[in-house]
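Colleague: no sequence on hand, only this structure:
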């Protein structure tokens, strides 16, 4: 402690204990470095990243970013060290590179951390597992590692300090004491002296806090500190978690430190910079970086003065963009309320809690809905960092970056939709790239339903770049050096390892979508072999729709699909032969699943018949067999009748006759209910009943004849069927049943008269709108009023 009180390097190195991602700590570190001007800066972090430090001088490296370490032989085994512009470690790095001062990382090497050296429950655990306020930048995520076991509950140093200061909330204590400090102290080293004294007292009481891993890390830090002191004397500054400062000051022998590090497991590791986001810095995002509000902390770090006023002005701007009525008077009143709340709560300055309470009361009219928008956009935010091209990367990652630039597909943290017209070369190439990445497990884009055209020449994607996708890209490097080569190799491997015929057909569809012609021969060979050996009609029915869709995609993308058409035709032939037998004797659950497969085959046959004649007639014969066979479950029989009716292969009268047979008094109510679900369930079933009085009458008559006991049994199935209808359809059906079989004048069609319409126009009601129409059309000449009124009356009717 005397080392920092009596001068920067009076009796030892300058140890700057910080809180990771703390803007107050970051400002204090910058002030202390400016005052002390050390000859070297040592920073808590993996030493393998030392060659990456000079990249911090590149304008293309813009935080938030993270150091990514991954095992060379197992890329999925990885760890991140995220840094924001308000992280003390980032400030120290920037200070060093701007002044040409050497900077080095001194934490336990990533090679040991990835191998699980000293690993505890904190590594790879849940959202709260990251470094706390007193800690330095430990790796936030280690996917693929086992959590291990904790040796004991670690004390929360901030909670102890907050309690000693009379606070019941550690976060509020830290904000008041550190983050809201203006940084104008006469002695820039005083804050670090106070923290070192406090942490020393805590470590005297708690020791290592039940974390043996800290002892290993601190031993390595001391070993890195000693050669720096031999090279630069005591003009050494160390930026690390405040919890570690007493351990670095302790007089431990070299032999004792080396004994702790002896025999640690290690793997070969590679490191690089990757983009990070504010959202991933937040605790609730799953990467425990120690803060809830990165956007708020970034504002505190950037604001030169009056942070509350500037923040509330920013909030007002956001709400105005969302068309909310927020004026400068609202901002003034919100500032006053935040200041008042801070005084009432005994705080030196309004914190995030006070400002959000003021925003809710003044700008949001007490509603939490716009407040949630403020929290999402500003308190957390979607800021995405950038990494220069000169940063190390695996070959497939470089190829992806080239493709992104070529196709003008910039990764963004905010979710957005992308509409693609596959008839355009650039859009088609974008679609292929996104499909290739999905096949590689890089979920940058997810296909979604288009709001416009539903043709095969359009695709709609929902894009959102997440930091962990960088790990997925690194993992994809085991398959090849380019995105195309890696996707091709993985598709071939997936085809060989596929367990079901449906998996292979889905993979064939992916290959066409992703434009992988070199993978198709392998996939088709596996598909042909599996189709020849698989005798399960259910498997064949599951596989056919994806295979036929592939034919459509091939037409749009210009991919040869002759082999696909042959395999699809063979599958269809085998389905036609085996389906009636496969549908016999099924229970209710199996029948419901088979019904979905029959519907899928119906759509596939409709498409496949365009390239292979005679299929539609043969399929209709299969549906007639299903509709008339008593051993087939009612749900499948009802669906077969409905498909024939929709396809124009069954007259309305014949459909009504079959329904009458299915709903006859001799039919068990449960079977009749299943038949109804098959016939009128799904899309368009409600409208069918609305427009066909006979079918509705049959359903109504059967339903009223069901006994009370049987009705209780069939009610859940009926509710599932009719609850799927749109509210307007259900309301119309209710009105039709309530009114009974009223017919419109002129019983030519036999249709039910639409509600609200009469047989003849009501001229009196039509005449009532004529004056309004004349005014709207500007027909105010009284001499033509009579003639115009006659014309307008015709319009009104």
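Modeller: Yep, it's here. Since this is a predicted model, take the numbers as computed values, not measurements. Numbers count the residues shown, from 1 in each chain.

Colleague: which residue is the nearest non-sequential neighbour of residue 101?
Modeller: In space, residue 101 comes closest to residue 41 once its chain neighbours are excluded; the distance is 6.0 Å by Cβ to Cβ, 6 or more residues apart in numbering. Bear in mind the C-beta positions are built from the backbone N, C-alpha and C, glycine included.

Colleague: assumed the one you found was part of a strand.
Modeller: Yes: read with DSSP: H, G, I helix; E, B strand; the rest coil, residue 41 is one of the residues of a strand.

Colleague: contacting residues around it?
Modeller: Contacts were defined as Cβ atoms under 8 Å, 6 or more residues apart in numbering; by that measure residue 41 touches 33, 92-93, 95-96, 101-104, 237-239.

Colleague: redo that, cut-off 7 Å
Modeller: For residue 41, the set of contacting residues under the criterion of Cβ atoms under 7 Å, 6 or more residues apart in numbering consists of 92, 96, 101, 103, 237, 239.

Colleague: what bridges to it?
Modeller: residue 103, residue 237 (DSSP bridges).

Colleague: what about stretch 30-39, average pLDDT?
Modeller: Within the predicted structure, the mean pLDDT of stretch 30-39 is 93.

Colleague: now that stretch: buried residues?
Modeller: Of the residues in stretch 30-39, those buried under the neighbour-count criterion (16 or more other Cβ atoms under 10 Å) are 30-33, 36, 38-39.

Colleague: which elements pack onto the longest strand that the chain contains?
Modeller: Scanning the chain for the strand with the most residues, using DSSP state E, yields strand 74-83. Packed against strand 74-83 by the contact rule (3 or more Cβ pairs under 7 Å, 6 or more residues apart in numbering; DSSP states H and E) you find strand 65-71, helix 110-114, helix 469-476.

Colleague: what's the spacing between residue 293 and residue 243?
Modeller: Taking Cβ to Cβ, to the nearest Å as the measure, residue 293 and residue 243 are separated by 22 Å.

Colleague: before we move on, what about residue 400?
Modeller: From residue 400 across to residue 243, the span is 39 Å (Cβ to Cβ).

Colleague: show me where the stretch 601-750 of the chain dips below the pLDDT cut-off.
Modeller: For the stretch 601-750 of the chain, the stretches with pLDDT under 70 are 611, 652, 682-685, 740-750.

Colleague: one step back: centre of the chain to the helix or strand just after the longest strand of the chain, how far?
Modeller: Stepping forward along the backbone from strand 74-83, the first helix or strand reached (DSSP states H and E) is helix 88-99. With Cα atoms, centre = their mean, to the nearest Å as the basis, the distance from the averaged C-alpha position of helix 88-99 to the chain average is 34 Å.

Colleague: return the set of buried residues in helix 88-99.
Modeller: Applying a neighbour-count criterion of 16+ other Cβ under 10 Å, one finds 88-97 buried in helix 88-99.

Colleague: give me the spatial nearest neighbour of the residue positioned nearest the centre of the chain, chain neighbours excluded.
Modeller: Centrality entry for the chain: nearest residue to the mean C-alpha point is residue 464, 7.2 Å, by Cα atoms, centre = their mean. In space, not counting the residues next to it along the chain, residue 464 is nearest to residue 415; the distance is 4.2 Å by Cβ to Cβ, 6+ apart.
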